[in-house]
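**Student:** Let me see the structure of the following:
(2 chains)
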Amino acid sequence: MSGDMLLETSDLMLAYGGFHAVDGVDLCVRAGTIHSVIGPNGAGKTSLFHCLTGGRKPTSGRILFDGRDITAEPPQGRVGLGMARSFQVTSLFQNLSVFENLRLAAQGRDGDRSLVFWRSVTSGKAHREQAEQVMERLGLAARARHAAGDLSHGQQRVLEVGMALCAKPKLLLLDEPTSGMGIDDIPVMTGLIAELGRDHTIMLIEHNMGIVMSISDRVTVMSRGRILVEGTPEMVRADERVRSAYLGEAA
Amino acid sequence: MRDSMVFDRMTLAVAVILAALPVLLPSASLAGEILIFAMAALACNLLLGYGGLLSFGQGLFFGVGSYLSALAMIHGGAGLLSALLIAMAAGAAVATLVGAMSIRRTGIYFVMLTLAFSQMGYFLAYTLSDWTGGDNGLLDVPRPDLTLFGVTLVPLGNPYAFYTFIAVLFFIVFVGAKRLIGSPFGSTLVAIRENENRALAVGYDTRHFKLLAFTLSGMVTALAGALYGMLINFVPLSNIELSMSDNIVIMTIIGGTGSLLGPLLGAGAMVILGEVLSDIWPRWMLLLGVGLILIVMFLRGGLWGGVEALAARFGLQRAAKEERP
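**Tutor:** Predicted coordinates for the structure are as follows:
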């Protein structure tokens, strides 16, 4: 394997009974890039994502992250290794403040060290500062004390990404970050991802190929559990096979 | 930060309540009983209010504390402090075991597992009647004086002296609980209650946090159970019955889940009502049922929630908000 690959899967397979949702995927994400995985409905994007985050154990194949085999690592263990994720369906601590959501996400990287019950959270200065920084960066500082559930949908999507960011990850895994966002909010999100891409490695799953073309360094197109095409956005856009895969979907 | 201070307004309020209780109530024993149940409800609230874990194992932990401290004193000649420490260790151990098995499931199955363990504990106590006295209860439970290395520090025969001892322990538990709620552990428990999936995704192995919550809750509940045996010089079988779990959970909900002062209010309301109403009308538990229904339907924050709402109306929001971490 080459040195600057942050994430590599080899012959990754996830089967539900006889159905192969992910069917022998070899994917490489180069450090420092924004890498998008796109594909029509049922292409296996979400199943692939579940394997990468640890939500599902692959039927066969291996996942290497930062040179380490993480195939059997549970989701919570992957955070400490430098992998953080966002959710397609917004999953926040709805009743807690925006600040507390981010602080908890920052604290999560410590894993079991957060079992200390005799020390005040105010002693975890690094977590508070990380939360403040991310809040500034996301433009949510003015809403710090508001409950996450009171934010607009667009802001909740931004917070969703921000929580992943709080773990100071080597790799950000974003699952359809624009899902459910209004047409006016989508540029805000793509702008944020492009900006985060300057100092993070990002892998994002997206259904709508139009959204990711402008910000991705590399695009992988999946279809029926396999990789159909991989290349630069220009190559993918020009590829006849991609067009026919999306055909009838009108995507 | 206000949160990190030990002697803030809420702690001061508790100290005042502890001092006033035996004066306001007809007997020091009644005041002691309130604090004992408030302690058990506080431990229940750690699981229910903060961790979102409805455990019906609380009566088991309470009973284990009662029986083991009593047996240690009767058969092992244990002193006051060692009997309490034995109870706490046993409560923590049993709760860890129950927790470890129960948290493998979530939702209703989790609740049923805690219930099953509780029932097992009850039948075990019932069966081992040579030790526990079975249906008759364990009689002649001593209340030793507070001694350290053979020197008697405080004799506890006087009800007011024993109340003071209970009050000091309650205060320590309260300050500890307050500290815990404001700790990384406490904040993570709340995160698990709010959204366990997300808590996992940001890196917490939530099972470890739930398990520690069980251990600590069991430890404090067993301490309360041990004190109860000493208070009434008797361990009735009902200490380990399912109804004990019920009562502890009900006090917690009536007082207000997710608050530190709620358990004191809930235990106070239930013990005092029981004392007053049971003289007038033996079926008073019926009224308790009505009260519980009203609170669950109209006062979701329990009695403490009501106090908070009143405080907010009279412009004392800050005092009320201090409660929330």
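
**Student:** Could you double-check that B:Gly186 lies in contact with A:Leu115?
**Tutor:** No. Taking C-beta atoms under 8 Å as the definition, B:Gly186 is not a contact partner of A:Leu115, at 10.6 Å. Placement of C-beta: from N, CA and C, glycine included.

**Student:** ok, these two, which is more surrounded?
**Tutor:** B:Gly186 (25 against 17; other C-beta atoms under 10 Å in any protein chain shown).

**Student:** any idea which element the closest residue to that one other than its chain neighbours lies in?
**Tutor:** Leaving aside its chain neighbours, B:Gly186 sits nearest to B:Leu180 (5.0 Å; criterion: C-beta to C-beta, 6 or more residues apart in numbering or on different chains). Per DSSP states H and E, B:Leu180 falls inside helix B:159-181.

**Student:** for that helix, packing partners?
**Tutor:** For helix B:159-181, the elements it packs on are helix B:9-24, helix B:28-45, helix B:206-232, judged by 3 or more C-beta pairs under 8 Å, 6 or more residues apart in numbering or on different chains; DSSP states H and E.

**Student:** could you pull out the strands for the chain?
**Tutor:** Let's take chain A. Taking DSSP state E to define them, one finds strands in chain A at A:5-16, A:19-25, A:28-30, A:34-38, A:60-65, A:68-69, A:83-85, A:171-175, A:201-206, A:218-223, A:226-231.

**Student:** I was after chain B.
**Tutor:** With strands called from DSSP E, chain B shows them at B:146-148, B:151-154.

**Student:** For chain A, find the nearest of those strands.
**Tutor:** strand B:146-148 (24.1 Å; C-beta to the nearest C-beta).

**Student:** Including distance to chain B, mean pLDDT and mean neighbour count, could the strands of chain A go into TSV?
**Tutor:** Listed next are the strands of chain A as TSV, based on distance: least, C-beta to the nearest C-beta, whole Å; pLDDT from 0 to 100; neighbours: other C-beta atoms under 10 Å in any protein chain shown:
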stretch	distance to chain B	mean pLDDT	mean neighbour count
strand A:5-16	17	95	18
strand A:19-25	20	94	19
strand A:28-30	19	96	19
strand A:34-38	19	95	26
strand A:60-65	15	96	17
strand A:68-69	17	95	10
strand A:83-85	6	94	27
strand A:171-175	10	95	23
strand A:201-206	15	95	24
strand A:218-223	23	94	23
strand A:226-231	26	94	18
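
**Student:** now the ones you listed as JSON lines including distance to B:Gly262?
**Tutor:** Listed next are these as JSON lines, based on distance: least, C-beta to C-beta, whole Å:
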{"stretch": "strand A:5-16", "distance to B:Gly262": "46"}
{"stretch": "strand A:19-25", "distance to B:Gly262": "47"}
{"stretch": "strand A:28-30", "distance to B:Gly262": "49"}
{"stretch": "strand A:34-38", "distance to B:Gly262": "48"}
{"stretch": "strand A:60-65", "distance to B:Gly262": "45"}
{"stretch": "strand A:68-69", "distance to B:Gly262": "47"}
{"stretch": "strand A:83-85", "distance to B:Gly262": "36"}
{"stretch": "strand A:171-175", "distance to B:Gly262": "39"}
{"stretch": "strand A:201-206", "distance to B:Gly262": "44"}
{"stretch": "strand A:218-223", "distance to B:Gly262": "52"}
{"stretch": "strand A:226-231", "distance to B:Gly262": "56"}
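
**Student:** To B:Leu288, which of these lies closest?
**Tutor:** strand A:83-85 (47.0 Å; C-beta to C-beta).

**Student:** The closest one packs against which elements?
**Tutor:** helix A:45-53, helix A:153-165, strand A:171-175.

**Student:** Sheet-wise, list the partners of the shortest one with their directions.
**Tutor:** Strand A:171-175 has these partner strands in its sheet, going by DSSP bridges: strand A:83-85 (parallel), strand A:201-206 (parallel).

**Student:** ok, residues contacting it?
**Tutor:** Here strand A:171-175 makes contact (C-beta atoms under 8 Å, 6 or more residues apart in numbering or on different chains) with A:6-7, A:29, A:46, A:49, A:52-53, A:65, A:82-88, A:161, A:164-165, A:193, A:196, A:200-205.

**Student:** and with 10 Å instead?
**Tutor:** A:6-7, A:29, A:31, A:34-36, A:45-46, A:49-50, A:52-53, A:65-66, A:78, A:81-89, A:160-161, A:164-165, A:189, A:193, A:196-197, A:200-206 (C-beta atoms under 10 Å, 6 or more residues apart in numbering or on different chains).

**Student:** thinking again about what came up before, extract the C-alpha trace of the helix holding B:Leu180 and format it as CSV.
**Tutor:** What follows is helix B:159-181 as a C-alpha-only set of coordinates in CSV (Å, rounded to 0.1, in the frame of the first residue of the first chain):
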residue,chain,number,x,y,z
PRO,B,159,-33.1,9.5,67.8
TYR,B,160,-31.7,13.1,67.2
ALA,B,161,-28.1,11.9,67.3
PHE,B,162,-28.9,9.2,64.7
TYR,B,163,-30.8,11.7,62.6
THR,B,164,-27.8,13.9,62.6
PHE,B,165,-25.6,11.0,61.5
ILE,B,166,-28.0,10.2,58.6
ALA,B,167,-28.2,13.9,57.7
VAL,B,168,-24.4,14.1,57.5
LEU,B,169,-24.3,11.1,55.2
PHE,B,170,-27.1,12.5,53.1
PHE,B,171,-25.2,15.7,52.7
ILE,B,172,-22.1,13.9,51.6
VAL,B,173,-24.1,11.9,49.1
PHE,B,174,-25.8,15.0,47.8
VAL,B,175,-22.6,17.0,47.3
GLY,B,176,-21.1,13.9,45.7
ALA,B,177,-24.0,13.6,43.4
LYS,B,178,-23.9,17.2,42.5
ARG,B,179,-20.2,16.9,41.7
LEU,B,180,-20.9,13.8,39.6
ILE,B,181,-23.7,15.5,37.5
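
**Student:** can you give me the mean pLDDT across it?
**Tutor:** Here helix B:159-181 scores 97 as its mean pLDDT.

**Student:** hmm, back to that, how about the strands of chain B, which one is nearest B:Phe214?
**Tutor:** Distance to B:Phe214, taken as C-beta to C-beta, is lowest for strand B:146-148 among the strands of chain B, at 29.4 Å.

**Student:** State the distance from A:Thr232 to B:Pro263.
**Tutor:** 62 Å (C-beta to C-beta, to the nearest Å).

**Student:** ugh, wrong one, I meant B:Leu287
**Tutor:** 21 Å.

**Student:** So between those two, which is more surrounded?
**Tutor:** Neighbours per residue (other C-beta under 10 Å) separate B:Leu287 from B:Pro263, with B:Pro263 holding more: 31 against 12.

**Student:** Just give the closest residue to that one, not the sequence neighbours.
**Tutor:** That would be B:Ala41: by C-beta to C-beta, 6+ apart, it lies 3.5 Å from B:Pro263.

**Student:** Report the contact partners of the one you found.
**Tutor:** B:48-49, B:58, B:221, B:224, B:247-255, B:257, B:262-268, B:270.

**Student:** repeat for B:Tyr122
**Tutor:** B:Tyr122 neighbours (C-beta under 10 Å, 6+ apart): B:Gly59, B:Leu60, B:Gly63, B:Leu237, B:Ser238, B:Asn239, B:Ile240, B:Glu241, B:Leu242, B:Ser243, B:Met244, B:Ser245.

**Student:** Kindly give the local confidence score, pLDDT, for the closest residue to the third one other than its chain neighbours.
**Tutor:** What sits nearest to B:Gly63 in space, not counting adjacent residues and going by C-beta to C-beta, 6+ apart, is B:Ile240, at 2.5 Å. At B:Ile240, the model reports a pLDDT of 96.

**Student:** which ones are touching A:Asp69?
**Tutor:** A:Arg62, A:Ile63.
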